[in-house]
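>>> Sequence first, then the predicted structure:
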Amino acid sequence: MSVTGLPEEVWYHVFEFLSPPDKLSVRASCKSFKRVIDRPGLWRNSTVYLEKITSYKSHFWRTLSKRKTNSVVVLKASGVREWTELGCRLPWLASLTIQVCGDPEALGTLRRLNKLKRLEIRQCRCPSLAASLPSLLQLTHIGLCEVVCAPRTDIINAVSQLPNLTSLHYHESSKPIPKAALHKILRCLPNLKHLSLKMGANQSPLPCDYFCPAKANQISGEPVCGALGLTSLELLNYMDPMLSPVALQGLPSLKSLTVQYRGWTLDSSLCHLKTWLSMLPLLSELSISLGYQLGAYANSVPGTVQSLSLKGVVGELKALWEMAQQVPDLLCLHLDLCCHERHSFIAEVPQLFPKLQILKMRHHNVPETEFLQLSQMSYLKCVEVLDPHNLSPNSALMDLTHKLHIQTNNRVHVIHSSEPKDRNVCFCAYH
(Lines give C-alpha, C1' and ligand atoms only; values in the text may rest on other atoms or scores of the structure.)
Protein backbone atom coordinates (compact mmCIF):
# COMPACT_ATOMS: atom_id res chain seq x y z
CA MET A 1 0.00 0.00 0.00
CA SER A 2 1.39 3.42 -0.97
CA VAL A 3 1.50 6.46 1.32
CA THR A 4 -1.61 7.82 -0.45
CA GLY A 5 -3.71 4.87 0.71
CA LEU A 6 -4.05 3.35 -2.77
CA PRO A 7 -2.13 0.31 -4.02
CA GLU A 8 0.87 1.04 -6.24
CA GLU A 9 -0.75 -0.92 -9.05
CA VAL A 10 -3.59 1.61 -9.18
CA TRP A 11 -1.15 4.50 -9.42
CA TYR A 12 0.83 2.61 -12.04
CA HIS A 13 -2.30 2.40 -14.18
CA VAL A 14 -2.97 6.14 -13.68
CA PHE A 15 0.61 7.08 -14.59
CA GLU A 16 0.35 5.16 -17.85
CA PHE A 17 -1.75 8.04 -19.21
CA LEU A 18 0.84 10.72 -18.43
CA SER A 19 3.26 12.30 -20.88
CA PRO A 20 7.01 11.93 -20.12
CA PRO A 21 7.28 15.51 -18.72
CA ASP A 22 4.29 14.88 -16.43
CA LYS A 23 5.80 11.60 -15.24
CA LEU A 24 8.99 13.42 -14.29
CA SER A 25 7.00 16.03 -12.36
CA VAL A 26 5.13 13.34 -10.41
CA ARG A 27 8.40 11.47 -9.82
CA ALA A 28 9.86 14.50 -8.02
CA SER A 29 6.95 14.72 -5.58
CA CYS A 30 7.75 11.79 -3.25
CA LYS A 31 9.77 8.58 -2.93
CA SER A 32 6.71 6.39 -3.28
CA PHE A 33 5.78 7.87 -6.66
CA LYS A 34 9.42 7.88 -7.71
CA ARG A 35 9.54 4.10 -7.19
CA VAL A 36 6.38 3.60 -9.25
CA ILE A 37 7.39 6.00 -12.02
CA ASP A 38 10.73 4.24 -12.53
CA ARG A 39 9.10 0.93 -13.41
CA PRO A 40 10.22 -0.24 -16.87
CA GLY A 41 6.67 -0.56 -18.20
CA LEU A 42 6.07 3.18 -17.96
CA TRP A 43 9.09 3.92 -20.18
CA ARG A 44 8.71 1.10 -22.69
CA ASN A 45 8.35 3.41 -25.71
CA SER A 46 10.47 6.30 -24.48
CA THR A 47 13.73 7.57 -25.95
CA VAL A 48 16.58 9.21 -24.01
CA TYR A 49 18.68 11.94 -25.63
CA LEU A 50 22.33 11.99 -24.60
CA GLU A 51 25.11 14.51 -25.17
CA LYS A 52 28.63 14.22 -23.77
CA ILE A 53 28.09 10.73 -22.37
CA THR A 54 30.92 10.82 -19.81
CA SER A 55 29.38 13.85 -18.04
CA TYR A 56 26.48 11.84 -16.59
CA LYS A 57 26.75 10.66 -12.97
CA SER A 58 26.24 7.15 -11.67
CA HIS A 59 22.74 7.87 -10.28
CA PHE A 60 21.62 8.86 -13.82
CA TRP A 61 22.73 5.51 -15.20
CA ARG A 62 21.09 3.68 -12.28
CA THR A 63 17.79 5.35 -13.14
CA LEU A 64 18.06 4.30 -16.79
CA SER A 65 18.94 0.80 -15.62
CA LYS A 66 15.81 0.62 -13.43
CA ARG A 67 13.66 1.73 -16.35
CA LYS A 68 15.42 -0.68 -18.72
CA THR A 69 15.79 2.18 -21.20
CA ASN A 70 16.32 0.57 -24.59
CA SER A 71 16.19 3.52 -27.01
CA VAL A 72 18.86 6.25 -27.10
CA VAL A 73 19.67 9.18 -29.39
CA VAL A 74 23.27 10.35 -29.05
CA LEU A 75 23.31 13.99 -30.11
CA LYS A 76 27.07 14.29 -29.97
CA ALA A 77 29.87 11.95 -28.96
CA SER A 78 33.56 12.39 -29.52
CA GLY A 79 35.67 9.41 -28.54
CA VAL A 80 36.01 5.70 -27.95
CA ARG A 81 35.74 6.20 -24.19
CA GLU A 82 32.19 7.55 -24.45
CA TRP A 83 31.00 4.72 -26.66
CA THR A 84 32.64 2.15 -24.40
CA GLU A 85 30.82 3.60 -21.40
CA LEU A 86 27.47 3.54 -23.23
CA GLY A 87 28.00 -0.12 -24.08
CA CYS A 88 28.84 -0.96 -20.47
CA ARG A 89 25.99 1.06 -18.95
CA LEU A 90 23.20 0.01 -21.35
CA PRO A 91 24.25 -3.30 -22.93
CA TRP A 92 20.60 -4.20 -23.64
CA LEU A 93 20.00 -1.24 -25.99
CA ALA A 94 17.60 -2.11 -28.81
CA SER A 95 17.58 1.24 -30.65
CA LEU A 96 20.47 3.66 -31.17
CA THR A 97 20.52 6.86 -33.21
CA ILE A 98 23.85 8.66 -33.66
CA GLN A 99 23.65 12.28 -34.78
CA VAL A 100 27.30 13.34 -34.79
CA CYS A 101 30.48 11.44 -33.96
CA GLY A 102 33.86 13.15 -34.10
CA ASP A 103 36.17 10.15 -33.72
CA PRO A 104 36.45 8.05 -36.92
CA GLU A 105 37.36 4.93 -34.91
CA ALA A 106 34.79 5.31 -32.14
CA LEU A 107 31.97 3.42 -33.87
CA GLY A 108 34.15 0.34 -33.95
CA THR A 109 32.89 -0.24 -30.39
CA LEU A 110 29.33 -0.80 -31.62
CA ARG A 111 29.93 -4.54 -31.65
CA ARG A 112 29.48 -4.45 -27.86
CA LEU A 113 25.78 -3.63 -28.36
CA ASN A 114 24.83 -7.05 -29.68
CA LYS A 115 21.15 -6.64 -28.71
CA LEU A 116 20.63 -3.73 -31.13
CA LYS A 117 17.66 -4.06 -33.47
CA ARG A 118 17.58 -0.51 -34.82
CA LEU A 119 20.62 1.58 -35.79
CA GLU A 120 20.61 5.07 -37.35
CA ILE A 121 23.90 6.85 -38.16
CA ARG A 122 24.01 10.40 -39.49
CA GLN A 123 26.76 12.85 -40.36
CA CYS A 124 29.58 10.67 -39.10
CA ARG A 125 33.01 9.60 -40.28
CA CYS A 126 33.28 5.92 -39.49
CA PRO A 127 35.81 3.95 -41.57
CA SER A 128 35.56 1.05 -39.10
CA LEU A 129 31.79 0.68 -39.44
CA ALA A 130 31.99 -2.14 -41.99
CA ALA A 131 33.94 -4.26 -39.51
CA SER A 132 31.39 -3.72 -36.71
CA LEU A 133 28.14 -4.32 -38.57
CA PRO A 134 28.39 -8.09 -39.16
CA SER A 135 28.48 -8.68 -35.38
CA LEU A 136 25.10 -6.92 -34.96
CA LEU A 137 23.11 -9.93 -36.13
CA GLN A 138 19.91 -8.85 -34.36
CA LEU A 139 19.54 -5.70 -36.46
CA THR A 140 16.19 -5.37 -38.21
CA HIS A 141 16.68 -1.72 -39.29
CA ILE A 142 19.71 0.27 -40.35
CA GLY A 143 19.83 3.84 -41.63
CA LEU A 144 22.88 5.57 -43.07
CA CYS A 145 22.57 9.28 -43.85
CA GLU A 146 25.46 11.47 -45.04
CA VAL A 147 27.92 8.98 -43.61
CA VAL A 148 31.56 9.00 -44.68
CA CYS A 149 32.79 5.49 -44.13
CA ALA A 150 34.79 2.72 -45.68
CA PRO A 151 34.55 2.08 -49.43
CA ARG A 152 30.93 1.62 -50.45
CA THR A 153 31.58 -1.98 -51.46
CA ASP A 154 32.66 -2.78 -47.88
CA ILE A 155 29.49 -1.26 -46.43
CA ILE A 156 27.30 -3.11 -48.95
CA ASN A 157 29.02 -6.38 -48.08
CA ALA A 158 28.55 -5.72 -44.37
CA VAL A 159 24.86 -4.82 -44.72
CA SER A 160 24.30 -7.91 -46.86
CA GLN A 161 25.43 -10.08 -43.91
CA LEU A 162 22.57 -8.99 -41.63
CA PRO A 163 20.08 -11.84 -42.04
CA ASN A 164 17.27 -10.30 -39.95
CA LEU A 165 17.25 -6.91 -41.70
CA THR A 166 13.73 -5.84 -42.71
CA SER A 167 14.32 -2.10 -43.20
CA LEU A 168 17.16 -0.21 -44.92
CA HIS A 169 17.59 3.57 -45.32
CA TYR A 170 20.52 4.55 -47.53
CA HIS A 171 20.66 8.32 -47.98
CA GLU A 172 23.77 9.55 -49.71
CA SER A 173 23.28 12.90 -51.42
CA SER A 174 25.80 12.48 -54.23
CA LYS A 175 24.42 9.43 -56.03
CA PRO A 176 22.22 6.35 -55.50
CA ILE A 177 23.47 2.83 -54.89
CA PRO A 178 24.83 1.29 -58.11
CA LYS A 179 22.63 -1.39 -59.64
CA ALA A 180 25.02 -4.26 -58.95
CA ALA A 181 25.39 -3.29 -55.28
CA LEU A 182 21.63 -2.88 -54.81
CA HIS A 183 20.97 -6.24 -56.43
CA LYS A 184 23.41 -7.89 -54.05
CA ILE A 185 21.55 -6.43 -51.07
CA LEU A 186 18.17 -7.50 -52.43
CA ARG A 187 19.36 -11.04 -53.13
CA CYS A 188 21.11 -11.48 -49.77
CA LEU A 189 18.32 -10.03 -47.63
CA PRO A 190 15.16 -12.04 -48.35
CA ASN A 191 13.40 -10.52 -45.30
CA LEU A 192 13.84 -6.92 -46.47
CA LYS A 193 10.44 -5.20 -46.58
CA HIS A 194 11.17 -1.47 -46.43
CA LEU A 195 13.71 0.35 -48.61
CA SER A 196 14.40 4.10 -48.56
CA LEU A 197 16.82 5.61 -51.07
CA LYS A 198 18.04 9.14 -51.61
CA MET A 199 18.41 9.34 -55.35
CA GLY A 200 20.85 12.25 -55.71
CA ALA A 201 21.00 15.22 -58.05
CA ASN A 202 21.88 15.41 -61.75
CA GLN A 203 22.06 11.64 -61.98
CA SER A 204 21.95 9.94 -65.36
CA PRO A 205 19.08 7.46 -65.94
CA LEU A 206 19.38 4.18 -64.08
CA PRO A 207 18.84 0.78 -65.78
CA CYS A 208 15.26 -0.40 -66.28
CA ASP A 209 15.90 -3.41 -64.03
CA TYR A 210 17.30 -1.32 -61.17
CA PHE A 211 14.82 -2.86 -58.67
CA CYS A 212 14.71 -6.24 -60.36
CA PRO A 213 17.71 -8.49 -59.63
CA ALA A 214 18.01 -11.32 -62.13
CA LYS A 215 17.68 -14.95 -61.15
CA ALA A 216 18.19 -18.05 -63.23
CA ASN A 217 15.20 -19.51 -65.06
CA GLN A 218 14.54 -22.98 -63.63
CA ILE A 219 14.03 -24.44 -67.12
CA SER A 220 16.39 -22.64 -69.48
CA GLY A 221 18.92 -21.31 -66.98
CA GLU A 222 18.65 -17.85 -68.57
CA PRO A 223 18.55 -14.82 -66.23
CA VAL A 224 15.05 -13.45 -65.68
CA CYS A 225 13.67 -10.67 -63.51
CA GLY A 226 12.75 -11.95 -60.06
CA ALA A 227 9.88 -10.35 -58.12
CA LEU A 228 10.91 -8.96 -54.72
CA GLY A 229 9.13 -9.13 -51.39
CA LEU A 230 9.44 -5.38 -50.72
CA THR A 231 6.24 -3.90 -49.32
CA SER A 232 7.42 -0.30 -48.79
CA LEU A 233 9.58 1.96 -50.99
CA GLU A 234 10.72 5.56 -50.46
CA LEU A 235 12.36 7.57 -53.23
CA LEU A 236 13.75 10.82 -51.82
CA ASN A 237 15.21 13.75 -53.76
CA TYR A 238 13.91 12.15 -56.94
CA MET A 239 13.32 13.60 -60.42
CA ASP A 240 12.37 11.92 -63.69
CA PRO A 241 13.78 10.40 -65.82
CA MET A 242 16.23 8.89 -63.28
CA LEU A 243 14.09 5.74 -63.13
CA SER A 244 12.36 4.28 -66.17
CA PRO A 245 8.55 4.01 -66.55
CA VAL A 246 8.82 0.25 -65.89
CA ALA A 247 11.24 0.50 -62.96
CA LEU A 248 8.69 -0.79 -60.43
CA GLN A 249 7.40 -3.73 -62.44
CA GLY A 250 9.44 -6.11 -60.23
CA LEU A 251 7.69 -4.89 -57.06
CA PRO A 252 4.18 -6.38 -57.27
CA SER A 253 4.00 -6.76 -53.47
CA LEU A 254 4.46 -3.04 -52.81
CA LYS A 255 1.86 -1.69 -50.37
CA SER A 256 3.42 1.69 -49.57
CA LEU A 257 5.07 4.15 -51.98
CA THR A 258 6.62 7.52 -51.13
CA VAL A 259 7.98 9.78 -53.85
CA GLN A 260 9.59 12.97 -52.61
CA TYR A 261 10.48 15.05 -55.66
CA ARG A 262 13.37 17.48 -55.59
CA GLY A 263 11.13 20.31 -56.82
CA TRP A 264 8.13 21.15 -58.98
CA THR A 265 7.88 20.38 -62.67
CA LEU A 266 5.24 21.41 -65.20
CA ASP A 267 5.92 18.96 -68.04
CA SER A 268 3.48 16.13 -67.27
CA SER A 269 4.70 14.16 -70.31
CA LEU A 270 7.77 13.19 -68.25
CA CYS A 271 5.71 11.83 -65.35
CA HIS A 272 6.59 8.18 -64.73
CA LEU A 273 4.50 7.99 -61.57
CA LYS A 274 1.26 7.36 -63.46
CA THR A 275 2.84 4.28 -65.08
CA TRP A 276 4.30 3.05 -61.80
CA LEU A 277 0.90 3.23 -60.11
CA SER A 278 -0.63 0.98 -62.76
CA MET A 279 1.87 -1.75 -61.78
CA LEU A 280 1.03 -1.81 -58.05
CA PRO A 281 -2.18 -3.81 -57.48
CA LEU A 282 -1.72 -4.00 -53.68
CA LEU A 283 -0.84 -0.37 -53.00
CA SER A 284 -2.61 0.95 -49.87
CA GLU A 285 -0.42 3.96 -48.89
CA LEU A 286 0.73 6.69 -51.27
CA SER A 287 2.70 9.81 -50.33
CA ILE A 288 3.73 12.47 -52.85
CA SER A 289 5.74 15.64 -52.16
CA LEU A 290 6.18 18.40 -54.78
CA GLY A 291 6.68 17.07 -58.33
CA TYR A 292 4.02 17.19 -61.02
CA GLN A 293 0.61 18.81 -60.94
CA LEU A 294 -2.00 16.53 -59.39
CA GLY A 295 -3.84 16.21 -62.68
CA ALA A 296 -0.86 14.38 -64.23
CA TYR A 297 -1.55 11.22 -62.21
CA ALA A 298 -4.92 11.73 -60.46
CA ASN A 299 -6.67 9.15 -62.68
CA SER A 300 -3.91 6.57 -62.13
CA VAL A 301 -4.14 6.19 -58.34
CA PRO A 302 -5.23 2.60 -57.57
CA GLY A 303 -8.58 2.10 -55.86
CA THR A 304 -6.79 0.03 -53.20
CA VAL A 305 -5.20 3.18 -51.69
CA GLN A 306 -6.56 3.90 -48.20
CA SER A 307 -3.94 6.41 -47.02
CA LEU A 308 -2.98 9.37 -49.22
CA SER A 309 -0.55 12.22 -48.56
CA LEU A 310 -0.18 15.21 -50.88
CA LYS A 311 2.46 17.66 -49.60
CA GLY A 312 3.24 20.76 -51.59
CA VAL A 313 1.61 19.30 -54.70
CA VAL A 314 0.18 21.81 -57.17
CA GLY A 315 -3.46 20.89 -57.70
CA GLU A 316 -6.83 22.27 -58.70
CA LEU A 317 -10.27 21.24 -57.50
CA LYS A 318 -11.01 19.34 -60.71
CA ALA A 319 -7.96 17.10 -60.24
CA LEU A 320 -8.93 16.43 -56.63
CA TRP A 321 -12.39 15.34 -57.76
CA GLU A 322 -10.84 12.99 -60.31
CA MET A 323 -8.61 11.45 -57.67
CA ALA A 324 -11.49 11.07 -55.22
CA GLN A 325 -13.36 8.95 -57.75
CA GLN A 326 -10.35 6.62 -57.88
CA VAL A 327 -10.15 6.11 -54.10
CA PRO A 328 -13.71 5.78 -52.75
CA ASP A 329 -12.54 3.90 -49.64
CA LEU A 330 -9.89 6.42 -48.54
CA LEU A 331 -9.46 6.39 -44.74
CA CYS A 332 -6.53 8.74 -44.13
CA LEU A 333 -5.75 11.99 -46.00
CA HIS A 334 -2.90 14.48 -45.56
CA LEU A 335 -4.02 17.42 -47.72
CA ASP A 336 -1.50 20.23 -48.19
CA LEU A 337 -1.97 21.38 -51.78
CA CYS A 338 -0.55 24.44 -53.51
CA CYS A 339 -3.36 25.97 -55.51
CA HIS A 340 -3.81 29.08 -57.66
CA GLU A 341 -7.54 29.01 -56.98
CA ARG A 342 -8.77 30.94 -53.95
CA HIS A 343 -10.21 27.79 -52.46
CA SER A 344 -9.34 25.85 -49.31
CA PHE A 345 -10.68 22.47 -50.55
CA ILE A 346 -11.83 21.63 -47.02
CA ALA A 347 -15.47 22.36 -47.88
CA GLU A 348 -15.28 19.61 -50.52
CA VAL A 349 -13.76 16.94 -48.26
CA PRO A 350 -17.03 15.57 -46.78
CA GLN A 351 -18.42 14.95 -50.25
CA LEU A 352 -15.17 13.78 -51.85
CA PHE A 353 -14.05 11.37 -49.13
CA PRO A 354 -17.13 10.31 -47.10
CA LYS A 355 -15.38 7.36 -45.41
CA LEU A 356 -12.42 9.39 -44.17
CA GLN A 357 -11.33 8.64 -40.59
CA ILE A 358 -8.17 10.77 -40.30
CA LEU A 359 -7.61 14.19 -41.88
CA LYS A 360 -4.39 16.23 -41.73
CA MET A 361 -4.77 19.80 -42.97
CA ARG A 362 -3.62 23.39 -42.55
CA HIS A 363 -6.10 25.82 -41.05
CA HIS A 364 -4.75 28.91 -42.82
CA ASN A 365 -7.49 30.66 -44.86
CA VAL A 366 -10.09 28.01 -43.98
CA PRO A 367 -13.39 29.78 -43.15
CA GLU A 368 -15.15 28.75 -39.96
CA THR A 369 -18.18 27.38 -41.80
CA GLU A 370 -15.99 25.10 -43.93
CA PHE A 371 -14.02 23.81 -40.96
CA LEU A 372 -17.20 22.99 -39.05
CA GLN A 373 -18.61 21.11 -42.05
CA LEU A 374 -16.21 18.34 -41.05
CA SER A 375 -18.73 17.45 -38.35
CA GLN A 376 -20.92 15.99 -41.15
CA MET A 377 -18.41 13.17 -41.69
CA SER A 378 -19.82 10.29 -39.68
CA TYR A 379 -16.65 8.17 -39.87
CA LEU A 380 -14.19 10.94 -38.98
CA LYS A 381 -12.19 10.22 -35.82
CA CYS A 382 -9.22 12.58 -35.90
CA VAL A 383 -8.34 15.97 -37.41
CA GLU A 384 -4.70 17.02 -37.22
CA VAL A 385 -4.27 20.75 -37.77
CA LEU A 386 -0.78 21.42 -39.12
CA ASP A 387 0.17 24.75 -37.62
CA PRO A 388 3.28 26.66 -38.74
CA HIS A 389 6.49 25.67 -36.96
CA ASN A 390 7.14 27.29 -33.58
CA LEU A 391 3.64 28.79 -33.39
CA SER A 392 1.03 27.81 -30.82
CA PRO A 393 -2.63 27.54 -31.85
CA ASN A 394 -4.31 30.97 -31.72
CA SER A 395 -7.50 31.68 -29.81
CA ALA A 396 -9.65 31.60 -32.97
CA LEU A 397 -8.42 28.12 -33.82
CA MET A 398 -8.97 26.92 -30.27
CA ASP A 399 -12.54 28.23 -30.44
CA LEU A 400 -13.08 26.38 -33.71
CA THR A 401 -11.75 23.22 -32.13
CA HIS A 402 -14.15 23.62 -29.21
CA LYS A 403 -17.12 24.10 -31.56
CA LEU A 404 -16.18 21.00 -33.56
CA HIS A 405 -15.97 18.99 -30.33
CA ILE A 406 -19.45 20.15 -29.38
CA GLN A 407 -20.97 19.42 -32.80
CA THR A 408 -19.48 15.91 -32.88
CA ASN A 409 -20.14 15.18 -29.20
CA ASN A 410 -16.35 14.78 -28.77
CA ARG A 411 -16.31 11.99 -31.34
CA VAL A 412 -13.61 13.78 -33.37
CA HIS A 413 -10.23 14.23 -31.71
CA VAL A 414 -8.46 17.43 -32.83
CA ILE A 415 -4.66 17.56 -32.66
CA HIS A 416 -2.69 20.78 -33.07
CA SER A 417 0.63 19.82 -34.59
CA SER A 418 3.63 21.55 -36.14
CA GLU A 419 4.88 18.24 -37.53
CA PRO A 420 7.72 17.86 -34.99
CA LYS A 421 10.73 15.96 -36.17
CA ASP A 422 11.23 12.58 -34.59
CA ARG A 423 14.96 12.32 -33.99
CA ASN A 424 14.74 8.57 -34.50
CA VAL A 425 13.71 9.26 -38.09
CA CYS A 426 16.11 10.52 -40.75
CA PHE A 427 15.64 14.23 -41.44
CA CYS A 428 15.74 13.53 -45.19
CA ALA A 429 12.10 12.48 -44.97
CA TYR A 430 11.12 16.02 -43.88
CA HIS A 431 12.93 17.94 -46.62
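Structure received.
>>> CA only for contacts and neighbour counts going forward, please
OK.
>>> wait, Val148 sits on Ile121?
No: using C-alpha atoms under 8 Å, Val148 is not in contact with Ile121, being 10.3 Å away.
>>> ok, these two, which is more surrounded?
Ile121 (22 against 17; other C-alpha atoms under 10 Å).
>>> pretty sure the more buried one is in a helix, no?
No: counting by DSSP: H, G, I helix; E, B strand; the rest coil, one finds Ile121 to be strand, located in no helix.
>>> For it, give me its contacts.
Counting by C-alpha atoms under 8 Å, 6 or more residues apart in numbering, Ile121 touches 97-99, 143-145, 147.
>>> Could you give the bridge partners of it?
Ile121 forms beta bridges with Ile98, Leu144, as assigned by DSSP bridges.
>>> Next one: it from Gln260, what distance?
Using C-alpha to C-alpha, to the nearest Å, Ile121 is found at 21 Å from Gln260.
>>> tell me the contacts of Phe353?
For Phe353, the contact set (C-alpha under 8 Å, 6+ apart) comprises 324, 328-330.
>>> hmm, which of those are the buried ones?
324, 328-330 (16 or more other C-alpha atoms under 10 Å).
>>> Turn these into a markdown table, columns for distance to Val80 and secondary structure.
Formatted as a markdown table, these follow (distance: C-alpha to C-alpha, whole Å; DSSP: H, G, I helix; E, B strand; the rest coil):
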| residue | distance to Val80 | secondary structure |
| --- | --- | --- |
| Ala324 | 55 | helix |
| Pro328 | 56 | coil |
| Asp329 | 53 | coil |
| Leu330 | 50 | coil |
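>>> which non-adjacent residue is nearest Val327?
Residue nearest to Val327 in three dimensions, not counting chain neighbours: Gly303, with 4.7 Å by C-alpha to C-alpha, 6 or more residues apart in numbering.
>>> Near that neighbour, how many other residues are there?
By other C-alpha under 10 Å, 19 other residues sit near Gly303.
>>> How about the one 3 residues further on?
The burial count assigned to Gln306 is 19, neighbours taken as other C-alpha under 10 Å.
>>> Just to check, it is in contact with Cys332?
Yes: between Gln306 and Cys332 there is a contact at 6.3 Å, judged by C-alpha under 8 Å.
>>> farthest-separated two in the contacts of Phe353?
Ala324 and Asp329 (9.1 Å; C-alpha to C-alpha).
>>> Which member of the buried ones among the contacts of Phe353 is positioned nearest Lys255?
Distance to Lys255 across the buried ones among the contacts of Phe353 (C-alpha to C-alpha) is lowest for Leu330, with 14.4 Å.
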